[in-house]
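Need a 3D model of the sequence below.
(one chain, ligands or ions: 2)
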Amino acid sequence: MDIRYSTGPQDVKRYTTEELRKEFLIENLYQPDRVTAAYSHVDRMVVLGIMPVEQALPIDQGIDVWANFGTRYFLERREAGVFNLGGPGAVEADGETYSLDFQDCLYITKETKDVVFSSRDPRNPARFYLVSAPAHKVCKTTFISIKDANKRPCGAEETANKRVINQFIHPDVLETCQLSMGLTQLAPGSVWNSMPCHTHERRMEIYTYFNVPDGNVVFHMMGQPQETRHLVMQNFDAVISPSWSIHCGCGTSNYTFIWAMGGENQAFDDMDNIDIPDIR
Ligand SMILES: O=C[C@H](O)[C@@H](O)CC(=O)C(=O)O
Ligand SMILES: [Zn+2]
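Numbering: from 1, shown residues only. Ligands and ions are numbered 1, 2, ... in the order given. Now for the predicted structure:
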């Protein structure tokens, strides 16, 4: 497991590109027949990339659960949200099988013992992107398709930020302990996400970018609003955004991304908005 201890804004001011990437960027999440894991000490969020090809993969493949979590199984004291970003696949959760097509989501409750991921066709493997947060009570494991998601259209063509925020794991859709997750799609010709930007001192956030066409990248903006930095991100990379950091991006094309949040509250609009001319 790739462990990320959290650093603070004072140190980050002095980071080189390489140091910034080592601290916040999560790359190479999808390895054939492997579970790739990163543990962030920011709100103890865990990110997994799971790409079953020939085999079905248990959630804890290659993870020493006792050493990392001090529990007997992965979700003993955790909840998880998973999106499929690849070919058709399935998630089996304590004997119940859920088919997940591209951009489908499954919320998996605390105390689910056995979670197994598989692909329908090894030539077009599924790519499961999972984010897990500590949890204190059992909720309901729920399948959520984009049709079930709460839609929040925003932005405009004129400002190159026309997009739809799809709230999947969100209080308006289902109950969770602290996790919320969704998928934001940028319209063709729009490249800016989450601009005007914000922080939310009460929550951390993780983004993963996908549907980034070959030969394109997303410049992900981070840092305190008056001390910004950027990370250049490839298709399927993820990035950790601590509560003090802005998190927005500008692509060399349109793209899609998944946001995941955990922390003090689940109030999506509890944001500290930043006026664009105030950004440094
Ligand atoms: O706190 C909320 C998150 O940053 C995202 O949901 C924002 C987003 O998807 C967007 O504006 O495009
Ligand atoms: Zn945010």
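
which residues touch the nearest residue to Asn84 once chain neighbours are set aside?
Computed as C-beta to C-beta, 6 or more residues apart in numbering, the closest residue to Asn84 that is not its neighbour in sequence is Leu100, at 4.0 Å. C-beta: built from backbone N, CA, C; applies to glycine. Shown in contact with Leu100 (C-beta atoms under 8 Å, 6 or more residues apart in numbering): Val82, Phe83, Asn84, Pro88, Gly89, Ala90, Val91, Leu106, Ala126, Phe128, Phe143.

so His200 sits right up against Asp269, yeah?
No. Counting by C-beta atoms under 8 Å, His200 stays clear of Asp269, with 9.4 Å between them.

quick one: which of these two has more around it?
His200 (22 against 8; other C-beta atoms under 10 Å).

Phi and psi next, for the more buried one.
For His200, the backbone dihedrals (degrees, to the nearest 10) come out as phi -150, psi 100.

How about it, nearest residue that isn't a chain neighbour?
His200 sits nearest to Met271 (C-beta to C-beta, 6+ apart), 5.1 Å away.

and what of Arg163?
Leu186 (4.6 Å).

Quick one: residues contacting the one you found.
Asn161, Lys162, Arg163, Trp192, Asn193, Gly251, Asn254, Tyr255, Thr256.

any idea how far ligand 1 is from it?
8 Å (C-beta to the nearest ligand atom, to the nearest Å).

And Trp244, by the same measure?
The value you get for Trp244 to ligand 1, if C-beta to the nearest ligand atom is used, is 14 Å.

15 is where my numbering starts, stick with that
I'll keep to 15 as the first residue from here, and by that count the last item is Trp258.
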